[in-house]
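Trainee: Sequence first, predicted model second:
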Amino acid sequence: MSQELDPITQAIRIRAPKTLQNEHSSPLYLTSSFTFDEAETMRAAFADENDENIYSRFSNPTVDEFVAKMCALEGCDDGFATSTGMSAIFSTFMGLLKSGDHLLCSSSVFGSTFTIVNKYLPRYGITCTLVPANDKEAWEAAVQPNTKMLYLETPTNPQLEVIDLEWAGQFCKKHNLIFNVDNCFATPLLQRPVDFGADIIVHSATKWIDGQGRVLGGIIVGRKDLIKEIYMFCRNTGPAMSPFNAWVLSKSLETLDVRMERHCANALKIAKTLQSNPNVSWVKYPFLEGHSQFDIAKKQMKAGGGVLCFEIKGGVVAGRKFLDALELLSVTANLGDSRSIASHPASTTHSKLTDEERASVGITPGLIRISAGLEKAEDVINDIVQALEKSLV
Ligand SMILES: *Cc1c(COP(=O)(O)O)cnc(C)c1O
């Protein structure tokens, strides 16, 4: 039956086994380990001869429910849930790469991912070449005989570059590379990397999947043989997701489709309004005509996502004033929340860098990133517009 159901329905209907109470909402299996009535069953469980749960670092029915829903949404056979998005990403590298391997990585990746591939992987003999997101010749030139994996994220954070997944999938096939995609910004509701040949898909479930800024989480889904390797790494090293967080995230998946519709509609409305604002130099959003990869975005995404960015006139000083003038939007280090969030990297997260260093990671002095929430778009727009008026320098 569940085979024929739409993935969106599956994300609502897949559930952990009912308890004797016949509860309607899913039970929360908050337990570290599982008991065995017979030593023989326990032996068989450890020998991988049955599917019995042993210990929640390995598997847990509530966590399995979340994983099964994510597999349905991403169109994948298997997966593993982790404590955070970063542990998901790190585990894919550790599970699939070894000393002597080379990794190709988009230069526009999440900050901590950048640190892993540049600082930590090389310590263990895994080298990495960073390639500008949309420079196809540079990708081609960077391939080495020992290149094993290509890792990218699209749309990118915070510049919202869109990378052509169809092209990247063909590139990986041609060079026999594992194609690993961080699908955090789009979510499986807007973009399914497997349709373009991705082998592994990772998410920070902390963002749109939770959607209300409550818990941290990560998820890895993909090809069964690769997930098996990653699973064995995780089972032994311990980045498992807590069953409590899995319960929260699994319930969140029941509303992800409707939430993303509103997030995307709000983001587009905000982006369009800001295009004609006199205090804004430019606005960037994947589904805004004029975006350099507008056609690619339209080809591979159902909607433009919940994040937009713009350049405030007046640089760092204006950006700082803007944050202080906001009355409704939250100023916080997260995105993908029901509450709209504004951030200004140049005066906060990236304030220690020089202008040149910031430019090299695509952060201009007046770059403001907005994560569109679920409020009425007009209220969010009014707050942004009044804050822009107060930010003139
Ligand atoms: C937040 C984020 C991560 C890291 O996820 P955590 O859950 O914070 O560990 C990775 N990739 C992207 C694109 C993100 O936005």
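Mentor: That came in fine, so what should we check first? Residues are numbered from 1 along each chain as shown.
Trainee: Leaving aside the residues adjacent along the chain, what's closest to Ser250?
Mentor: Nearest non-adjacent residue to Ser250, counting by CB to CB, 6 or more residues apart in numbering: Phe66, 4.2 Å away. C-betas here are computed from N, CA, C, even on glycine.
Trainee: mind listing what the one residue in the chain that gets nearest to the ligand touches?
Mentor: Proximity to the ligand, evaluated over the chain using CB to the nearest ligand atom, is greatest for Gly85 at 2.3 Å. Gly85 makes contacts with Phe110, Asp182, Cys184, Val202, His203, Ser204, Ala205, Thr206, Lys207, Leu216, Gly217, Gly218, as judged by CB atoms under 8 Å, 6 or more residues apart in numbering.
Trainee: Show me which residues of the least confident helix or strand in the chain by mean pLDDT are buried.
Mentor: Here the helix or strand of the chain ranked lowest by mean pLDDT, DSSP states H and E is helix 355-360, holding a mean of 84. Of all the residues in helix 355-360, those buried under the rule 16 or more other CB atoms under 10 Å are Arg358.
Trainee: what's the answer for stretch 338-345, then?
Mentor: Buried, per 16+ other CB under 10 Å, within stretch 338-345: Arg339, Ser340, Ile341, Ala342, Ser343, His344, Pro345.
Trainee: Out of those residues, list just those in strands.
Mentor: Ile341, Ala342, Ser343 (DSSP state E).
Trainee: how about these in TSV, adding distance to the ligand?
Mentor: Output for those, formatted as TSV (distance: CB to the nearest ligand atom, whole Å):
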residue	distance to the ligand
Ile341	12
Ala342	16
Ser343	12
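Trainee: between these, which is nearest Val143?
Mentor: Val143 has its nearest neighbour among these in Ser343, at 35.0 Å by CB to CB.
Trainee: can you list the residues of the protein near the ligand?
Mentor: 84-86, 110, 153, 157, 182, 184-185, 204, 206-207, 216, 218 (CB under 6 Å from any ligand atom).
Trainee: Can you add secondary structure, distance to Val117 and pLDDT and give these back as a markdown table?
Mentor: Output for the residues of the chain next to the ligand, formatted as a markdown table (DSSP: H, G, I helix; E, B strand; the rest coil; distance: CB to CB, whole Å; pLDDT from 0 to 100):
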| residue | secondary structure | distance to Val117 | pLDDT |
| --- | --- | --- | --- |
| Thr84 | coil | 17 | 98 |
| Gly85 | helix | 15 | 98 |
| Met86 | helix | 12 | 98 |
| Phe110 | coil | 11 | 91 |
| Glu153 | strand | 12 | 97 |
| Asn157 | coil | 15 | 88 |
| Asp182 | strand | 12 | 98 |
| Cys184 | coil | 16 | 98 |
| Phe185 | coil | 19 | 98 |
| Ser204 | strand | 16 | 98 |
| Thr206 | coil | 20 | 98 |
| Lys207 | coil | 20 | 98 |
| Leu216 | coil | 21 | 98 |
| Gly218 | strand | 17 | 98 |
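Trainee: Mind putting those residues into JSON lines with distance to Val361?
Mentor: Below are these laid out as JSON lines (distance: CB to CB, whole Å):
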{"residue": "Thr84", "distance to Val361": "22"}
{"residue": "Gly85", "distance to Val361": "19"}
{"residue": "Met86", "distance to Val361": "18"}
{"residue": "Phe110", "distance to Val361": "11"}
{"residue": "Glu153", "distance to Val361": "13"}
{"residue": "Asn157", "distance to Val361": "10"}
{"residue": "Asp182", "distance to Val361": "16"}
{"residue": "Cys184", "distance to Val361": "18"}
{"residue": "Phe185", "distance to Val361": "16"}
{"residue": "Ser204", "distance to Val361": "19"}
{"residue": "Thr206", "distance to Val361": "21"}
{"residue": "Lys207", "distance to Val361": "20"}
{"residue": "Leu216", "distance to Val361": "24"}
{"residue": "Gly218", "distance to Val361": "23"}
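Trainee: where exactly do the helices run in the stretch 151-300 of the chain?
Mentor: Taking DSSP state H, counting those that start in this stretch as the test, the helices found in the stretch 151-300 of the chain are 165-175, 187-190, 224-237, 243-253, 256-275, 294-300.
Trainee: who does the last one touch, helix- and strand-wise?
Mentor: In this structure, helix 294-300 packs against helix 165-175, with contacts taken as 3 or more CB pairs under 8 Å, 6 or more residues apart in numbering; DSSP states H and E.
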